[in-house]
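> Predicted coordinates and the sequence they were generated for:
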Amino acid sequence: MIGLISATAAGAAARDRLAAAWPDRTRVYEGPVGDAVRRAFAECEQLVCFLAAGAVVRIVGPLLADKASDPGVVCVDEAGRFAVPLAGGHGGGANELARAVGEVLGAEPVVTTATDAADLPGLDTLGLPVEGDVAGVSRALLDGEPVALRAEVPWPLPPLPVGAEGAYTIRLTDRLVGAAPGEVVLRPPSLVVGVGASSGVPAEEVLGLVETALREAGLSARSLAEVATVDAKAEEPGIVEAARRLGVPLVTYPAGELAGIEVPNPSDAPLAAVGTPSVAEAAALLRGGELLVPKRKSERVDGTPAMATCAVVRRPGRGRLAVVGLGPGARDLLTPRAKAELRRAAVLVGLDQYVDQIRDLLRPGTRVLESGLGAEEERARTAVEEARKGQAVALIGSGDAGVYAMASPALAEASDDIDVVGVPGVTAALAAAAILGAPLGHDHVSISLSDLHTPWEVIERRVRAAAEADIVVTFYNPRSRGRDWQLPKALAILAEHRAPATPVGVVRNASRPDESSRLTTLGALDPATVDMMTVVTVGNTATREIAGRMVTPRGYRWQSGREGAA
């Protein structure tokens, strides 16, 4: 929850705008300002104070305890011009909160945290447990000193300007090691513990077994990702409580699935009890990985039979591939989610001219793999290969990456050994439609006239189907120097079913500085004025030009009545 505090009418107006934008995330605190701030500090994860910075500092100063647990505090001036993170920039999320407040209020976020100001990811903001000399290594990154990355476990990290060996090191490991001087240790969640247990097993017995197994194997409990067991034990109190104390989720699998996993130590006891010859080893191995600790039993001081077993598996780090649509070209049509993925990617793969559009958004240390026109399949393979190495990869395309762009070839190459995220973008058809008016107000279809990847016979069949169905058509890739007959042929097919006066919209370089657009008709369009940078939208039999705009009615009765009255 975000606490909102103000002292004046101007501050209250800005406060209320924020509360209206985030009704489920905010709580307004009334009363004397000091008391309100102190109550919000105790009750909320974050605060936005519409007060003077000095006043907020004096109030919250005595309340600050630890940057890992203190709430994030943002101060906004009463004119709503600036949003300043005062405390908890990283740990409390105040830096991101200031940016979000800025988007709502039109305020400028004033972020002074060194790594954020230098556009470097903070080592304590990577979502991984961190140990060691965070301040020293961060300072070395900021100063451009040599910092080496020792990744003992592949993991999709954001870009970091690392390379040569020096006095500073970032070590990515699940081993039970301490941080050396000048070293930061990052703990990836790479370990899975499989647990089997008898009914009524005490949580202390399960917890002691797991902690002992990890410690004796030289593995860090901070890299534990989950506890896994059989469905029949999903509500076993001792296992549930042990997972809770370890701070990880409990994942369960059907006995039939576990029975199909080959393990080194099967047993008749679990087969008779729950229907699988292995619980601990099979549950840990079900999603793949390396068995580091074979099944071992708990030890009881009173000599009674052990009630718990466990096994430990290291799962390989899964690379991450984000397929990002950049939109039609204008920076303000690039979505916030796309920007976030570009900043998160350690490796960027894309067409050189698209890379140039967003190069300034990339963080220092991002590795860029760019190529020219005609290398789509090669780029897709490269992006997938990099993700399989455990990298965080962004593969970019114009418009929406899933529409005549890079998502299809990339997903054809990808298997289930990597995580794939799709980031939608504003397509050329939508960008052109917004310029023309509302040509896509009813059913519509997009058809590429390029026969480089699709036989013309297939394209022609699709154009004819759209013509017969009276569907608005947007033509992509309508005409090039080497393909000058396809557009006239497609228009002729449409003309068999639509009048010469049917509105047609022609938009070139939608949303870009040299954008141009015009309305014409099916009978008057000159294909020679169209090129590969153009989108051509042909209306259906109901499409009209109204006040210089291309409009396709949605088919409401009132619309039909208006047309009849006209």
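Cool, the structure landed.

> Give the other helices and strands that the helix or strand hosting Ser446 contacts.
Here Ser446 sits within strand 444-448, counting by DSSP states H and E. If contacts are counted by 3 or more Cβ pairs under 8 Å, 6 or more residues apart in numbering; DSSP states H and E, strand 444-448 sits against helix 456-468, strand 472-476. C-beta here means a position set from N, CA and C on the backbone, and glycine is covered the same way.

> which of the ones you listed sits most buried?
strand 472-476 (a mean of 24; mean count of other Cβ atoms under 10 Å).

> which residues touch the most centrally placed residue in the chain?
By Cα atoms, centre = their mean, the chain has its centre lying nearest to Glu341, at 5.8 Å. Contacts for Glu341 (Cβ atoms under 8 Å, 6 or more residues apart in numbering) come out as Ala322, Val324, Ala394, Val421, Val423.

> likewise Val368?
Val347, Leu348, Val355, Arg359, Leu362.

> May I have the beta-bridge partners of it?
Leu348 (DSSP bridges).

> in this protein, what spans have low per-residue confidence?
The chain contains residues with pLDDT under 70 at 114, 116-119, 556-566.

> Now do the buried residues in the helix or strand Ala148 falls within.
Ala148 belongs to strand 147-151 when elements are defined using DSSP H and E. By 16 or more other Cβ atoms under 10 Å, the buried positions in strand 147-151 come out as Val147, Ala151.

> other SSEs contacting whichever helix or strand comes after it?
Later in the chain than strand 147-151, the nearest helix or strand by DSSP H and E is strand 168-172. Helices and strands touching strand 168-172, by 3+ Cβ pairs under 8 Å, 6+ apart, are helix 134-143, strand 147-151, strand 183-186.

> Tell me which stretches of the stretch 201-350 of the chain form strands.
Secondary structure of the stretch 201-350 of the chain (DSSP state E, counting those that start in this stretch): strands at 224-230, 250-253, 290-297, 308-314, 320-325, 347-351.

> cool, and the stretch 451-566 of the chain?
472-476, 503-508, 516-521, 534-538, 544-546, 549-551.

> Quote the end-to-end distance of stretch 415-432.
End-to-end span of stretch 415-432 (Cα to Cα, to the nearest Å): 35 Å.

> Neighbours of the closest residue to Ala410 other than its chain neighbours, how many?
Once flanking residues are discounted, Ala410 sits nearest to Ala380: 4.2 Å by Cβ to Cβ, 6 or more residues apart in numbering. Using other Cβ atoms under 10 Å, the number of residues around Ala380 comes to 23.

> For the strand or helix carrying Ala380, buried residues please.
When elements are assigned from DSSP H and E, Ala380 belongs to helix 376-388. Within helix 376-388, the residues scored as buried using 16+ other Cβ under 10 Å are Glu376, Arg379, Ala380, Arg381, Thr382, Ala383, Val384, Glu386, Ala387, Arg388.

> Repeat that for stretch 251-268.
Neighbour-count burial for stretch 251-268 flags Val251, Thr252, Tyr253, Ala255, Leu258, Ala259, Ile261, Val263, Pro266, Ser267 (criterion: 16+ other Cβ under 10 Å).

> repeat for stretch 208-220
Under the neighbour-count criterion of 16+ other Cβ under 10 Å, stretch 208-220 has Gly208, Leu209, Val210, Glu211, Ala213, Leu214, Leu219, Ser220 buried.

> Take these and keep only those in helices.
Among those, the members falling in helices (DSSP state H) are Gly208, Leu209, Val210, Glu211, Ala213, Leu214.

> Return the residues in contact with the nearest residue to the second one once chain neighbours are set aside.
Ranked by Cβ to Cβ, 6+ apart and with sequence neighbours excluded, the top spatial neighbour of Leu209 is Ser298, at 4.1 Å. Shown in contact with Ser298 (Cβ under 8 Å, 6+ apart): Glu205, Val206, Gly208, Leu209, Ala306, Met307, Ala308, Thr309, Cys310.

> and the gap between the second one and Gly303?
This points to Val206. Applying Cβ to Cβ, to the nearest Å, the value for Val206 to Gly303 is 19 Å.

> Please consider this matter closed, and thank you.
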